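[1] One predicted model, sequence on top.
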Amino acid sequence: MILNRTVSALNDDLDQIKQQLLSDFEDGVSIDIAAWTKRFPAHREELLDYWMWLSGTPLLREMDMGQSPGADDKIAQEAVRRACLAVSTNPPGREARQDPEFKEDRDLGAELALLRAALSPYVGSASKEFRRAVVYAWIVHILSPQRPRVTRLATQKVAYLLEEAIGLGLFTEHERKPLGPYDHTAKYRDAEPIAQKGGWIQVKGASLEPKKVDAKFEGYFRRYVRSEGLVRRFITRLAKLTDEELEAWATIAWAGQALVAAGKPVTADSVRGFLESSAIWRSKLRRDNFTADRIADALAKLSLLRLV
């Protein structure tokens, strides 16, 4: 078989093996992962994890919707490919892979990536402002039972990460602000004012409290996010984080996306360099959540969730 000859021709270098797997996957070669793990038993766990990640992602050519890519598209695709390799060729240790949270995050990330790839543009009469308010209010409702209080900061950061996770096209107004990505239009123009007027949330200072919602509201939410159970799981996962951790995750995700767009590797050092280059975010480097170790830990989790 061609596959067996390809596998046999490789040495025992894990990076090279993964690059060949990625190349075969993109070229449409039928991959028998059992043959790969048999040939490289020392890397069995890493290859299985990598294959599970890879098989859950869309092909780069399919991301292009069948159109002939221009020069900019080719550069962007190559940046995505390099970024994927940069993250995936530095696999977590065996202890991390045996952690139940590791598996949950990995599986959740794979499902989010599939939904993101399959999500079609919204077709309906509801305005973007109304849809933003519904999803924003529902975030408050999901966060509330799991936190002593739901702050505006937490809601904003979860909305940003949700947009990155499934690409709703709703929370696209975030800007670089001192406390991370921030959408001022949500507070003043649509999400909060409409949600308050609808009786779905109550604003008390910097805290957002859920109010009673009916079946009609829940129907709106299901229609707008397309997969209520998956979105609930994702928001519930983020609810475990403190406000400071949510700020760090959102900021690091932003930095990671910017580095990918620039064709640069996404590492703790490159993220810190990105923050250092920003007058608004430079001061974060003095805080505990932005040490090299904490950024590396956040990147590992964000990569499992397919947010970087």
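    The structure has been received and is ready for your questions.

[2] For the stretch 201-308 of the chain, give me the ranges with low pLDDT.
    The stretch 201-308 of the chain contains no residues with pLDDT under 70.

[3] Which stretches in it count as strands?
    201-204, 207-210 (DSSP state E, counting those that start in this stretch).

[4] Just say which of those strands is most tucked in.
    Stretch with highest mean neighbour count among the strands of the stretch 201-308 of the chain: strand 207-210 (a mean of 18; mean count of other Cβ atoms under 10 Å). The C-beta positions use only the backbone N, C-alpha and C, and glycine is treated the same way.

[5] which SS class is the closest residue to Lys128 other than its chain neighbours?
    In this structure, Lys128 finds its nearest non-sequential neighbour in Leu170, 6.5 Å apart by Cβ to Cβ, 6 or more residues apart in numbering. Here Leu170 takes the coil state, with states given by DSSP: H, G, I helix; E, B strand; the rest coil.

[6] How many neighbouring residues does Leu170 have?
    Neighbour count for Leu170, taken as other Cβ atoms under 10 Å: 24.

[7] Can you say which of the strands of the stretch 201-308 of the chain is nearest to Asp49?
    strand 207-210 (37.6 Å; Cβ to Cβ).

[8] Now do the closest one: everything it contacts.
    With contacts defined as Cβ atoms under 8 Å, 6 or more residues apart in numbering, strand 207-210 is touched by 137, 140-141, 144, 149-152, 155, 192, 200-203.

[9] Pull out the buried residues from those.
    Among the contacts of strand 207-210, the ones that count as buried by 16 or more other Cβ atoms under 10 Å are Ala137, Val140, His141, Ser144, Val150, Thr151, Arg152, Thr155, Glu192, Trp200, Ile201.

[10] related to what we said a few turns ago, next, the contact list for the residue nearest to Lys128, please.
    Here Leu170 is in contact with Lys128, Arg131, Arg132, Val135, Glu163, Tyr224 (Cβ under 8 Å, 6+ apart).

[11] any idea how far the closest residue to Arg232 other than its chain neighbours lies from Gly124?
    Using Cβ to Cβ, 6+ apart and skipping the chain neighbours, the partner closest in space to Arg232 is Ile142 (5.9 Å). Computed as Cβ to Cβ, to the nearest Å, the Ile142 to Gly124 distance reads 23 Å.

[12] How about His174?
    Applying Cβ to Cβ to His174 and Gly124 gives a distance of 24 Å.

[13] Ok, Val308 next?
    To Gly124, Val308 is 31 Å away according to Cβ to Cβ.

[14] Between Ile142 and Gly124, point out the one with more neighbours.
    Shown here are Ile142 and Gly124; by other Cβ under 10 Å, Ile142 has more neighbours (20 against 9).

[15] about what we covered before: redo the contacts of Leu170 as TSV? Include distance to Lys103, secondary structure and neighbour count.
    Formatted as TSV, these follow (distance: Cβ to Cβ, whole Å; DSSP: H, G, I helix; E, B strand; the rest coil; neighbours: other Cβ atoms under 10 Å):
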residue	distance to Lys103	secondary structure	neighbour count
Lys128	36	helix	13
Arg131	33	helix	23
Arg132	33	helix	26
Val135	28	helix	22
Glu163	25	helix	19
Tyr224	29	helix	20
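
[16] What ranges in the stretch 1-150 of the chain fall below the confidence cut-off?
    1-12, 53, 55-99.

[17] The strands of the stretch 201-308 of the chain: which one's closest to Arg106?
    Among the strands of the stretch 201-308 of the chain, strand 207-210 sits nearest to Arg106 (Cβ to Cβ), with 30.3 Å.

[18] Tell me how this protein divides into domains.
    The chain breaks down into these domains under automatic domain parsing: 2-118, 121-240, 241-308.

[19] where do the strands sit along the stretch 51-200 of the chain?
    Taking DSSP E, counting those that start in this stretch as the criterion, the stretch 51-200 of the chain carries its strands at 175-177, 180-182.

[20] Show me the strands paired with the first one, marking each as parallel or antiparallel.
    Using DSSP bridges, strand 175-177 pairs in its sheet with strand 180-182 (antiparallel).

[21] so for the strand it pairs with, what's the average pLDDT?
    Across strand 180-182, pLDDT averages out at 97.

[22] re the thing from before, output the strands of the stretch 51-200 of the chain in CSV; the columns should cover distance to Lys301.
    Output for these, formatted as CSV (distance: least, Cβ to Cβ, whole Å):
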stretch, distance to Lys301
strand 175-177, 22
strand 180-182, 16
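
[23] Just say which of those is most tucked in.
    By mean neighbour count, with neighbours taken as mean count of other Cβ under 10 Å, strand 180-182 ranks first of the strands of the stretch 51-200 of the chain at a mean of 22.

[24] which one is Leu14 nearest to, not counting chain neighbours?
    His43 is the one closest to Leu14 (Cβ to Cβ, 6+ apart), at 5.3 Å.
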